[in-house]
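Peer 1: Next input, structure requested:
(chains A and B)
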Amino acid sequence: QRVTQPEKLLSVFKGAPVELKCNYSYSGSPELFWYVQYSRQRLQLLLRHISRESIKGFTADLNKGETSFHLKKPFAQEEDSAMYYCALRDDKIIFGKGTRLHILP
Amino acid sequence: NAGVTQTPKFQVLKTGQSMTLQCAQDMNHNSMYWYRQDPGMGLRLIYYSASEGTTDKGEVPNGYNVSRLNKREFSLRLESAAPSQTSVYFCASSAGTGAGELFFGEGSRLTVL
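Peer 2: Numbering: from 1, shown residues only, chains lettered A, B, ... in the order given. Reported below is the predicted structural model:
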């Protein structure tokens, strides 16, 4: 199993849409998550695919055909600047390399 | 509510020295994990403990040992530190391996000279 986040850094203007990419490889039915690390804060769960919820305006849809779990937000806010990690669970949880999101004023 | 507590927060070692990172959680979680975080490499799993009394290797276990002392505590030991082990180490816990949400400690920044 593997999690791939192709972008190390993503810079987006405030108010513009955001899409953080995540692709995975897994032989069974995956359980996928997005974690976020704000400056000087602990890593924390942002959302999980089974919940199908929107947190802080972010959503992520599992696309099994494309093996993707991209994180999206229609209008970026400055407080969204953070490090974002996509993660996959089987008997343990593994993470991608992360994408740093930088919101430009 | 402390959650996951790691000590020490900062440590500088010389090559070849040993040290133990301590982790404790007060959420009655079954599973505990140690990750390292390096620029450009993301979070990589070192070892995990699915339940008290069990430990398993993760993605990058070489050079490390762990002990699940009891349900609350999970320590990570570097027997002979190397510069390649300079990193930020995170301990995390979850209710079980079937529970997806990890709760993280604040991290321990280790520098090996």
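Peer 1: Can you tell me the SS state at the closest residue to chain B within chain A?
Peer 2: Residue nearest to chain B within chain A: A:K97 (3.5 Å; Cβ to the nearest Cβ). Where C-beta positions appear, they are placed from N, C-alpha and C, glycine not excepted. Here A:K97 is coil, with the state taken from DSSP: H, G, I helix; E, B strand; the rest coil.
Peer 1: tell me the contacts of it?
Peer 2: Counting by Cβ atoms under 8 Å, 6 or more residues apart in numbering or on different chains, A:K97 makes contact with A:4-5, A:8, B:40-42.
Peer 1: for A:A87, same thing?
Peer 2: For A:A87, the contact set (Cβ under 8 Å, 6+ apart) comprises A:3, A:32-35, A:93-96.
Peer 1: What's opposite it in the beta bridge?
Peer 2: A:F33, A:F95 (DSSP bridges).
Peer 1: So for it, what pLDDT did the model give?
Peer 2: Reading off the confidence values, A:A87 has pLDDT 94.
Peer 1: now swap in A:S68 and tell me
Peer 2: For A:S68, the model assigns a pLDDT of 94.
Peer 1: and it, what is it in contact with?
Peer 2: With contact set as Cβ under 8 Å, 6+ apart, A:S68 has these partners: A:21-24, A:62.
Peer 1: pLDDT below threshold where in chain B?
Peer 2: Within chain B, the stretches with pLDDT under 70 are B:1, B:97-100.
Peer 1: quick one, strands of chain A?
Peer 2: A:2-4, A:9-13, A:18-20, A:23-25, A:31-37, A:44-48, A:59-60, A:71-73, A:82-89, A:93-95, A:99-104 (DSSP state E).
Peer 1: Right, and chain A sits closest to which residue of chain B?
Peer 2: Counting by Cβ to the nearest Cβ, chain B gets nearest chain A through B:G42, at 3.5 Å.
Peer 1: From B:C23, how far out is the nearest residue to that residue once chain neighbours are set aside?
Peer 2: Residue nearest to B:G42 in three dimensions, not counting chain neighbours: A:K97, with 3.5 Å by Cβ to Cβ, 6 or more residues apart in numbering or on different chains. Distance from A:K97 to B:C23, counting by Cβ to Cβ, to the nearest Å: 23 Å.
Peer 1: interface residues of chain B facing chain A?
Peer 2: Within reach of chain A by Cβ under 8 Å from any Cβ of the partner chain, chain B has these residues: B:33, B:35, B:40-45, B:48, B:50, B:56, B:58-59, B:90, B:92, B:94, B:97, B:100-102, B:104-107.
Peer 1: Which of those are buried? Put it as a PyMOL command.
Peer 2: One line in PyMOL is enough to select the buried ones among the residues of chain B next to chain A; burial here means 16 or more other Cβ atoms under 10 Å in any protein chain shown:
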select buried, chain B and resi 33+35+42+43+44+45+48+50+58+90+92+94+97+100+102+104+105+106+107
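Peer 1: Okay, and which of the residues of chain B next to chain A map to strands?
Peer 2: Those of the residues of chain B next to chain A lying in strands (DSSP E): B:33, B:35, B:42-45, B:48, B:56, B:90, B:92, B:94, B:104.
Peer 1: Looking at those residues, spot the one nearest A:Q41.
Peer 2: B:F104 (9.8 Å; Cβ to Cβ).
Peer 1: Alongside chain B, which residues does chain A contribute?
Peer 2: By Cβ under 8 Å from any Cβ, the residues of chain A that approach chain B are A:5, A:8, A:31, A:33, A:35, A:42-45, A:48, A:50, A:85, A:89, A:91-98.
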